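Peer 1: Sequence first, predicted model second:
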Amino acid sequence: MTKSIKKNKTINIEGRPVGDDFPPLVIAEAGINHEGDFNKAIQLIDAAVAAKAECVKFQCHITEEEMIPTDILPGNSPDRLYDIIKRCELPEEEELAVKKYCEKKGIIYLCTPFSRAAADRLYDMKVNAFKIGSGECNSIPLLEHIARMGKPMILSTGMNDIPSIRRSVKAIQKHKCPLILMHCTSMYPTPYEKVRLGAIAQLKKTFGLPVGLSDHSLGIYTCLGAAALGACALEKHFTLTRDWPGPDVPISMEPQELAQLVEGSRAIYLAQGGTKNILKEEQPVIDFAYACAVAICDIKAGEIFSLENIWVKRPGTGEIKAVDFHKLLGKKARAAVKKDAQLRWKSVAA
């Protein structure tokens, strides 16, 4: 975290604080990778729990409420978007069962609504927070509708710039709704040079809000980089195996990658901050690694210390460390010094 960026307030998601003072919340984005199969959704939850993820996220689609019939293709699939969304719907009773299973397993359930009806369904399901996708970032009517519900919102910002995000933030904050922003690039997959991790700092500084990363690049590298830059949450598509069908599966993490992301992001969080000073815990290494002034031959009383009779050697347990070696040169020995003896200040004549 750079000095110029102040720590921002903490948001509470189902009892889990999310913000600069806590490890990143890793969100396993199951999304629609279940392809409308309830049993696959349950498998994804089990795999996320086994990987020690704290949160798994799904998508709530009520196709007729979120889009009109269209032949448009999403870009990451040869199928019509309308057909993809329709086949990936979970009926309301199954979505509720998925939420309850998450609660049973002790993992945070999140879900993204893509319509007013979907938001209302999730509210009736008593979700603790809403995750808003990048496509809805500038849908002010929907944002305000959800913000009025008073639940924390996590807002992805792909396909939006600072002015458009500012409008969205203003619309949400008008209703005093807790808010987290997620930097995102809406390319599937996202080339590394288009990820733009620098936007995390920009969003923090501009809006004074917790900021995370919703990532669509391959692998977990950019998420780990975001953790080092102070991202409060890391969201990435997740699948049981990339052999499953589905438009988002090729860019999704598998369980072992999710486990690595959870472990790695926590390690990076713990490694952040601090100042460059000597730790008391480093003293045992100092004792053997530092060098001290020693006699490299027998030295008689009155003899002048020079590069021919003294030098610096390990260990670091002597009184005169290597940094003060130059102070000895040209001084006289107060008493005789044996070869390999560590020099002491009382060995030096005034």
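Peer 2: Alright, I've got the coordinates. Residues are numbered from 1 along each chain as shown.

Peer 1: Wait, a strand at L258?
Peer 2: No: for L258, which was evaluated using DSSP: H, G, I helix; E, B strand; the rest coil, the result is helix, with no strand membership.

Peer 1: That one is in contact with A51, isn't it?
Peer 2: Yes: L258 is within contact range of A51, at 4.1 Å (criterion: C-beta atoms under 8 Å). Quick note: C-beta positions are derived from backbone N, CA and C, even for glycine.

Peer 1: which neighbours do these two share?
Peer 2: A28 (C-beta atoms under 8 Å, 6 or more residues apart in numbering).

Peer 1: Phi and psi next, for P113.
Peer 2: phi -90, psi 140 (degrees, to the nearest 10).

Peer 1: confidence score at the closest residue to it other than its chain neighbours?
Peer 2: Counting by C-beta to C-beta, 6 or more residues apart in numbering, A119 is the residue found nearest to P113 once chain neighbours are left out, at 4.0 Å. Residue-level confidence at A119 comes out at 98, pLDDT.

Peer 1: Show me what the helix or strand where A119 lies is packed against.
Peer 2: In the assignment (DSSP states H and E), A119 maps to helix 116-124. Packing contacts for helix 116-124, counted by 3 or more C-beta pairs under 8 Å, 6 or more residues apart in numbering; DSSP states H and E, involve strand 55-60, helix 63-66, strand 108-113, helix 140-147.

Peer 1: partners of the helix or strand just after that helix, with directions?
Peer 2: Once the chain leaves helix 116-124, the next helix or strand it forms, by DSSP H and E, is strand 130-132. Looking at strand 130-132 with DSSP bridges, its partner strands are strand 153-156 (parallel).

Peer 1: Residues in contact with the partner strand: which ones?
Peer 2: Outside strand 153-156, the residues that touch it by C-beta under 8 Å, 6+ apart are 13, 110, 129-134, 137, 143, 146-147, 168-169, 172, 177-182, 184, 212, 214, 233, 235.

Peer 1: Show me the strands in this structure, by range?
Peer 2: 11-13, 16-18, 25-31, 55-60, 108-113, 130-132, 153-156, 179-184, 211-215, 233-237, 292-295, 310-313 (DSSP state E).

Peer 1: Let me know how buried N33 is, in neighbour terms.
Peer 2: 26 (other C-beta atoms under 10 Å).

Peer 1: do the same with the one 5 residues further on
Peer 2: Using other C-beta under 10 Å as the criterion, F38 is surrounded by 16 other residues.

Peer 1: Tell me the spacing between it and L44.
Peer 2: Using C-beta to C-beta, to the nearest Å, one obtains 11 Å as the distance from F38 to L44.

Peer 1: So which residue is dead centre in this protein?
Peer 2: Residue closest to the mean C-alpha point of the chain, counted by C-alpha atoms, centre = their mean, is A227 at 3.1 Å.

Peer 1: Could you double-check that that residue sits in contact with P24?
Peer 2: Yes: taking C-beta under 8 Å as the definition, A227 is a contact partner of P24 at 5.2 Å.

Peer 1: gap between L328 and A350?
Peer 2: Counting by C-beta to C-beta - L328 and A350 are separated by 13 Å.

Peer 1: pLDDT at the residue nearest to Q260 when sequence neighbours are not counted, what is it?
Peer 2: Of all residues beyond its chain neighbours, the one nearest Q260 is I220 (6.1 Å), with distances taken as C-beta to C-beta, 6+ apart. pLDDT recorded at I220 is 98.

Peer 1: Tell me where the chain has helices.
Peer 2: 38-50, 63-66, 81-88, 92-105, 116-124, 140-147, 162-173, 198-207, 221-228, 255-271, 283-289 (DSSP state H).

Peer 1: Return the set of buried residues in the first one.
Peer 2: The reference is to helix 38-50. F38, K40, A41, I42, Q43, L44, I45, A47, A48, V49 (16 or more other C-beta atoms under 10 Å).

Peer 1: what's the closest of those residues to F114?
Peer 2: Nearest to F114, judged by C-beta to C-beta, of these is A41 at 17.0 Å.

Peer 1: and the residue nearest to P113, how many neighbours does it have?
Peer 2: Residues near A119, counting by other C-beta under 10 Å: 27.

Peer 1: for T63, same thing?
Peer 2: 20.

Peer 1: Let me see the residues that make contact with stretch 336-346.
Peer 2: 292-301, 310, 313, 317-320, 328, 334, 347.

Peer 1: Relative to the whole chain's centre, how far out is stretch 61-73?
Peer 2: 33 Å (C-alpha atoms, centre = their mean, to the nearest Å).

Peer 1: Now do that stretch: distance from first to last residue.
Peer 2: Taking C-alpha to C-alpha, to the nearest Å, stretch 61-73 runs 17 Å from one end to the other.

Peer 1: One more: stretch 148-164?
Peer 2: Terminal residues of stretch 148-164 lie 20 Å apart, using C-alpha to C-alpha.
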